[in-house]
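Asker: what's the 3D shape of this:
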Amino acid sequence: MASFDPTMLAEVEELFRKIKTFNKPSKEEWHLPCPNDVLSHPPQKHCQLQGLKESLNAVKNQLSDKDLTVWHGHTNSTNRAGKVITTVRSSANAEICTQAWCKFYEILGSFNLLPEKAVLNGELNTVHLCEAPGAFITALNHYIKTSAFTHFCDWSWAANTLNPYHEGNGGGTTIADDRLIANTLPWWFFGPDNTGNLMNQEYLLQLQAFVGNMHSVDLVTADGSFDCQENPDEQEALVASLHYCEATAALLLLSPGGSLVLKMFTLYEDSSVCLLYLLNCCFRSVNVFKPATSKAGNSEVYIVALDYENKAEAKLLLAKLIRNYGPSMADCEALFPQSMIPASYLEQHVQVSSYFHALQMDTITENLRLFDEMSTEQRQRLDCIRDHTAQEYLQRFQVRKLQRKQWLSRNTVSPACCRVSVGGGPLGQKKQMGSFNERRELQTLGWRQCMERGHHATWLRTHCTEAMGRGCFLEGPLPDCHLNSWYTVVGEKLSVVRNSSFCEGALLSQLNEALAQMVQGSAAVWDQVPPCGSCRGSCVASTLSEVAQCCDLTSLKLGCSSGPKRRCLVVGSRSMWGARKDQTNTLALTFSEEPAFPGAGLLALHDGEPVYQRELLRCVLSSLRSLAPGDTLLLPLLSATTRVTAGLVFCLHASFRSLTFRCPPPSGGVGAVLVCVGFCPEAAVPLLPVLMDLHDHMGQLVDGEDQVRNRPLGSGQQVLQFVPMEELLSAGLTEFLSTMNSAIVRQKLHLIFQTVVL
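Answerer: Coordinates of the predicted model:
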């Protein structure tokens with residue numbers, strides 16, 4: 001083991017001192033420009049800053065041939081603060097202890113972030129933007145409840161993020177990890193369209209109303225970003241509009257004296273120059289901070305702005321920012337003309353940028369050198385520094401243990417049913433494999449060629465068997481559905497299901513890519529995709545035989561005689577099922593009208609289409625009204641990836657003694673057949689009024705007018721949810737639906753894979 005010498009001690013100490021503070025001139029040289037000059041001039045490049053950008057990108061380009069998995073493993077091993085997270089987890093019992101948790105706890109320990117007057121008054125109010133999975137919130141909770149200074153503070157918080165439950169979100173922007181969200185839903189605001197998209201003007205104004213009950217807003221944090229791995233050289237420009245929206249929201253929400261923590265990256269573009277100048281004109285102190293627990297080789301920095309002191313003066317400028325608020329806020333016009341930015345400020349901005357540029361360059365250069373060769377002595381020295389950094393973190397920031405009963409999660413939702421992605425990564429984001437150059441090469445290949453090279457190639461060729469669905473059961477009926485807490489959520493209409501709480505995100509992403517290939521290839525609609533002759537799905541005879549066995553098993557469990565014949569309601573025509581009258585001696589088959597599928601085209605490939613959902617609801621309602629005690633229901637489904645369809649399955653789960661599924665259905669169509677055995681009228685009757693009201697509400701939206709709100713909606717909105725997520729996320733239902741949807745999506749991908757040509 002290497003001895004800990006003074007140079008190593010100094011190196012650890014320096015890790016926690018990566019701070020640069022802007023020093024305002026004594027005179028009023030830095031002031032807010034006239035609102036008329038805001039967003040009215042083209043952006044300009046700053047030569048010195050662009051030079052920094054070019055040199056940094058040149059060094060980063062040396063990584064283009066490095067395998068991403070291998071490189072990340074190497075940089076994790078050289079990261080001086082790489083052991084902090086595991087050390088904090090083992091010693092502090094921190095809730096959602098991620099790298100984000102450690103970074104924010106470090107910020108809390110490095111700055112007087114919480115306004116003293118708020119703490120002294122015993123009331124603290126905070127708002128957290130782009131916050132999923134919620135580690136900043138849980139870190140603040142830990143800090144408040146283990147710090148004597150803030151121990152008696154009455155803390156209220158609200159949070160925003162892209163809604164992980166909105167099926168239209170995804171594309172590498174929505175975080176999958178919902179451990180905190182699922183247990184604290186009332187504190188999260190997802191806006192009028194239920195997407196949680198902060199970069200929407202109406203959302204911003206309604207967010208202000210959502211926190212209107214707070215006497216003051218003392219702290220705003222903004223930790224937003226999105227996947228830029230396909231164009232890493234332009235990360236700063238790609239996220240500039242998001243940063244503008246976050247800063248505008250903070251300036252609108254914060255009370256005088258409040259603080260802002262805003263994550264940014266490099267500071268080379270005109271958008272960053274202007275934004276930091278704006279913050280310097282509005283806050284007493286603006287600091288650029290690189291936490292020790294932020295990997296030194298990336299561009300991430302945190303802007304820590306303290307003591308909001310010019311809110312009244314900023315009112316007119318803020319009004320113009322709100323008028324121009326949106327996803328392209330930083331794309332066309334500069335926030336301020338370059339002539340309005342003092343030379344004294346620009347000089348400091350270059351100095352700050354140069355400082356963090358040098359830190360990042362040194363780290364990447366060192367990692368490249370050690371990647372080629374690392375001696376035993378160098379490894380021992382690094383390990384010694386990593387151990388000491390972890391202990392220094394605990395001591396420096398006085399990290400104490402917090403009892404689980406003091407966590408924020410109320411544990412009303414089983415952790416097993418919450419989606420936790422590795423690293424809390426974005427929904428639908430592809431796992432980055434190989435080097436950057438190799439991934440660029442893959443982009444030139446066709447979809448089928450890429451899939452043949454991918455790690456899912458084996459099961460894409462796997463043919464369907466009759467075993468799909470066997471052994472997957474939901475036991476019912478549910479004792480209590482908490483109907484008095486149910487409510488209907490209306491929001492932005494789905495054009496495609498990009499993510500689901502009830503299906504693996506990677507599968508859905510691949511299905512969406514495959515559907516795009518169908519449009520480009522020979523099969524424009526699902527009807528034109530031929531069945532696979534080698535697949536062996538459940539035939540009608542085997543399905544009905546298994547249903548009869550399920551009925552007999554249910555009767556045995558209940559201590560009832562099997563009787564002559566059990567009634568089975570089959571949704572769909574006899575011809576669609578290919579059923580014969582003499583097919584079973586134990587089931588009395590009755591057929592009803594099937595739900596109408598959406599019109600021709602790709603919408604038929606998911607269950608988010610409003611007309612289909614309403615038709616499916618009609619079938620469920622009709623079935624629950626007509627069934628007798630002990631009856632069985634066979635219901636074909638496209639899938640159950642949306643909250644509405646999952647809610648209908650939940651209602652069936654509540655009304656029958658057993659649910660299972662068979663995939664693909666005997667009709668040969670896409671999807672699965674839900675097998676519901678042992679109808680319980682006493683459990684179903686309370687659900688009927690709720691489902692009838694839901695059917696009426698869906699009809700109003702499908703017809704283009706929401707009579708409750710008395711305003712035209714056109715085709716822009718639909719019902720997104722009617723059963724609370726806390727109930728939908730019950731472990732049994734989530735696992736059942738995930739299994740079923742996985743089988744459905746894999747079969748769809750298999751058929752498309754067989755169809756799409758190279």
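Asker: could you pull out the helices for the stretch 51-200 of the chain?
Answerer: Secondary structure of the stretch 51-200 of the chain, counting by DSSP state H, counting those that start in this stretch: helices at 68-78, 84-92, 99-110, 116-120, 135-146.
Asker: pLDDT of the third one, averaged?
Answerer: Okay, so that is helix 99-110. What helix 99-110 shows for mean pLDDT is 97.
Asker: Looking at the helices of the stretch 51-200 of the chain, spot the one closest to residue 214.
Answerer: Nearest to residue 214 among those is helix 116-120; the distance by C-beta to C-beta comes to 10.8 Å. Any C-beta I mention is one placed from the backbone N, CA and C, and that applies to glycine too.
Asker: helices or strands next to that closest one in the packing?
Answerer: Helices and strands touching helix 116-120, by 3 or more C-beta pairs under 8 Å, 6 or more residues apart in numbering; DSSP states H and E: there are none.
Asker: Buried residues, it. List them.
Answerer: For helix 116-120, burial by neighbour count (16 or more other C-beta atoms under 10 Å) applies to 118, 119.
Asker: repeat for stretch 223-239
Answerer: 223, 224, 225, 226, 227, 228, 232, 235, 236, 237, 238, 239.
Asker: so which one among those has the lowest pLDDT?
Answerer: Lowest pLDDT among the buried residues of stretch 223-239: residue 228, with 73.
Asker: Specify the local secondary structure of it.
Answerer: Secondary structure for residue 228, judged by DSSP: H, G, I helix; E, B strand; the rest coil, is coil.
Asker: Go ahead and confirm it touches residue 236.
Answerer: No. The pair residue 228 and residue 236 fails to qualify as a contact (C-beta atoms under 8 Å) at a distance of 9.1 Å.
Asker: sorry, back to before: with secondary structure as extra columns, can I get the buried residues of stretch 223-239 in TSV?
Answerer: Conversion of these to TSV gives the following (three-state DSSP):
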residue	secondary structure
223	coil
224	coil
225	coil
226	coil
227	coil
228	coil
232	helix
235	helix
236	helix
237	helix
238	helix
239	coil
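Asker: Mind telling me which of the helices of the stretch 51-200 of the chain the model trusts least?
Answerer: Among the helices of the stretch 51-200 of the chain, helix 116-120 scores lowest, at a mean of 79.
Asker: How many residues are close by residue 111?
Answerer: Neighbour count of residue 111, defined by other C-beta atoms under 10 Å: 18.
Asker: next one: the one 10 residues further on
Answerer: When neighbours are defined as other C-beta under 10 Å, residue 121 has 14 of them.
Asker: quick one: it from residue 155, how far?
Answerer: Applying C-beta to C-beta, to the nearest Å, the value for residue 121 to residue 155 is 12 Å.
Asker: Please apply the same query to residue 141.
Answerer: Taken as C-beta to C-beta, the span from residue 141 to residue 155 is 8 Å.
Asker: Between these two, which has more neighbouring residues?
Answerer: Higher neighbour count among residue 141 and residue 155: residue 141, with 21 against 18, using other C-beta under 10 Å.
Asker: Pretty sure the more buried one sits against residue 408.
Answerer: Yes. Look at residue 141 against residue 408 with C-beta under 8 Å: they come within range, at 5.3 Å.
Asker: Could you list the low-pLDDT ranges of the stretch 101-250 of the chain?
Answerer: 149-152, 171 (pLDDT under 70).
Asker: what ranges do the strands span in it?
Answerer: In the stretch 101-250 of the chain, the strands defined using DSSP state E, counting those that start in this stretch lie at 123-129, 154-160, 188-189, 219-222.
Asker: What ranges does the stretch 651-758 of the chain have for its helices?
Answerer: 681-684, 687-702, 725-728, 731-755.
Asker: Dump the ones you listed to a markdown table, plus mean pLDDT, distance to residue 588 and mean neighbour count.
Answerer: Shown next, in a markdown table, are these (pLDDT from 0 to 100; distance: least, C-beta to C-beta, whole Å; neighbours: other C-beta atoms under 10 Å):
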| stretch | mean pLDDT | distance to residue 588 | mean neighbour count |
| --- | --- | --- | --- |
| helix 681-684 | 95 | 18 | 16 |
| helix 687-702 | 93 | 24 | 17 |
| helix 725-728 | 92 | 33 | 19 |
| helix 731-755 | 86 | 27 | 21 |
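Asker: Turn the ones you listed into a markdown table, columns for distance to residue 100.
Answerer: Below are these laid out as a markdown table (distance: least, C-beta to C-beta, whole Å):
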| stretch | distance to residue 100 |
| --- | --- |
| helix 681-684 | 43 |
| helix 687-702 | 38 |
| helix 725-728 | 23 |
| helix 731-755 | 25 |
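Asker: and residue 71, which of these is closest to it?
Answerer: That would be, of those and by C-beta to C-beta, helix 731-755, which comes in at 30.2 Å.
Asker: What is the closest one packed up against?
Answerer: Against helix 731-755 (3+ C-beta pairs under 8 Å, 6+ apart) you get helix 457-460, strand 474-475, helix 505-520, helix 643-655, strand 656-662, strand 672-679.
Asker: change it to 6 Å
Answerer: On a contact count with 3 or more C-beta pairs under 6 Å, 6 or more residues apart in numbering; DSSP states H and E, helix 731-755 meets helix 457-460, helix 505-520.
Asker: so can I have TSV of these showing distance to residue 630 and mean neighbour count?
Answerer: TSV is the format used below for the helices and strands packed on helix 731-755 (distance: least, C-beta to C-beta, whole Å; neighbours: other C-beta atoms under 10 Å):
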stretch	distance to residue 630	mean neighbour count
helix 457-460	38	12
helix 505-520	36	19
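Asker: Turn those into CSV, columns for mean pLDDT.
Answerer: Formatted as CSV, the helices and strands packed on helix 731-755 follow (pLDDT from 0 to 100):
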stretch, mean pLDDT
helix 457-460, 70
helix 505-520, 77
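Asker: what's the closest of the ones you listed to residue 34?
Answerer: helix 505-520 (46.8 Å).
Asker: Run through the neighbouring helices and strands of the closest one.
Answerer: Using 3+ C-beta pairs under 6 Å, 6+ apart, helix 505-520 is in contact with helix 731-755.
Asker: to the chain's geometric centre, what's the distance from the helix it packs on?
Answerer: Remark: helix 731-755 is offset 21 Å from the chain centroid, using C-alpha atoms, centre = their mean, to the nearest Å.
Asker: Could you figure out how far it is turned away from helix 505-520?
Answerer: With axes from the mean of the first three to the mean of the last three C-alpha atoms, to 10 degrees as the basis, helix 731-755 and helix 505-520 are set at 30 degrees to each other.
Asker: part of a helix, is residue 575?
Answerer: Yes. The assignment for residue 575 is a helix, going by three-state DSSP.
Asker: Pull the number of nearby residues for it.
Answerer: Neighbours of residue 575 using other C-beta under 10 Å come to 9.
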